[in-house]
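> predicted model follows, preceded by the sequence.
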Amino acid sequence: MDAEISESIGSLVLSAYRKSVNTYMSKHNGQRLHTWHVSDFTSPCIRKTYYQRLYPEKYDAKKNSIFFLGNIIHEHTPLSKINELTMCYDIETDQPVSIDEVLLMPRNSLKTIITGTLDDLLQYGNDFIIADKKTFNGSSGYKKTSPDSQYSLQLSIYRVLLQKNYGIDAKYGCLLYLDKSNDLAESPIPFELLPIEDTKVIMKEILVELCSDKLPKPNVCWMCNGNNRKGAIYCPYVELCKQDGGR
């Protein structure tokens with residue numbers, strides 16, 4: 001095949017693929033509610049969450065490929081009839097709030113409300129399990145054998161929201177890790193969720209930090225110190241954090 005034709009065909013197909021991905025992701029990245037989100041409370045560094053509220057990152061279509069596979073998996077692999085369940089909860093009043101109520105509330109009234117979307121709720125005998133699917137790269141031979149701390153907290157917060165909104169208490173959590181480097185090889189990691197009252201205490205402590213006029217203490221970790229398998233910096237606020245006294 002002529003080299004010029006080969007290059008043109010390759011460019012055409014690649015362009016069509018990227019357009020398709022961007023179209024798909026734009027449909028699945030709808031407007032978020034203007035509340036706190038569970039991911040805000042489970043970030044390894046709460047200062048990063050604080051900065052995100054002050055200086056929101058602009059949407060970057062170049063990052064679509066990072067989330068594309070995860071979105072496809074979540075959309076096409078429901079594990080139960082109850083899946084992709086979005087719930088809202090007022091941390092201060094300890095009361096559930098419906099999405100319709102949130103949409104009608106002025107933004108300055110949303111500072112104590114948190115929103116979360118539970119992946120799947122399964123039943124195990126008389127107990128319930130909150131399950132969540134997570135992709136990871138195990139190309140270096142790394143295998144998941146225990147839940148990441150931020151994800152175990154994420155599911156424990158879902159337990160609070162589920163109990164307050166639907167009266168269902170899920171005692172167990174399970175993270176289904178899928179290895180992108182090995183045909184999505186599955187590693188289910190079951191564990192007991194934190195007691196509801198203990199999780200409420202954690203949520204209130206984080207809320208105080210995020211609503212304070214004082215910057216939360218930085219947590220120098222894999223997101224900003226380069227001590228990860230790629231040696232990458234994942235926090236866009238590193239320089240600002242240094243200026244504000246971060247290490």
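On my side now, so go ahead. Numbering: from 1, shown residues only.

> switch to C-alpha atoms for all contacts and neighbour counts from now on
Noted.

> now do the buried residues in stretch 20-40.
For stretch 20-40, burial by neighbour count (16 or more other Cα atoms under 10 Å) applies to 22, 25, 34-40.

> would you turn the residues you listed into JSON lines with secondary structure, pLDDT and distance to residue 185?
Compiled in JSON lines, those are given as follows (DSSP: H, G, I helix; E, B strand; the rest coil; pLDDT from 0 to 100; distance: Cα to Cα, whole Å):
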{"residue": "22", "secondary structure": "helix", "pLDDT": "85", "distance to residue 185": "27"}
{"residue": "25", "secondary structure": "helix", "pLDDT": "82", "distance to residue 185": "24"}
{"residue": "34", "secondary structure": "coil", "pLDDT": "89", "distance to residue 185": "36"}
{"residue": "35", "secondary structure": "coil", "pLDDT": "95", "distance to residue 185": "35"}
{"residue": "36", "secondary structure": "strand", "pLDDT": "96", "distance to residue 185": "33"}
{"residue": "37", "secondary structure": "strand", "pLDDT": "96", "distance to residue 185": "29"}
{"residue": "38", "secondary structure": "helix", "pLDDT": "97", "distance to residue 185": "27"}
{"residue": "39", "secondary structure": "helix", "pLDDT": "94", "distance to residue 185": "25"}
{"residue": "40", "secondary structure": "helix", "pLDDT": "95", "distance to residue 185": "29"}
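
> ok, residue 220 to residue 207 distance?
Distance, residue 220 to residue 207, using Cα to Cα, to the nearest Å: 20 Å.

> tell me the secondary structure for residue 111?
Per DSSP: H, G, I helix; E, B strand; the rest coil, the local secondary structure of residue 111 is coil.

> that concludes my questions; thank you for your assistance.
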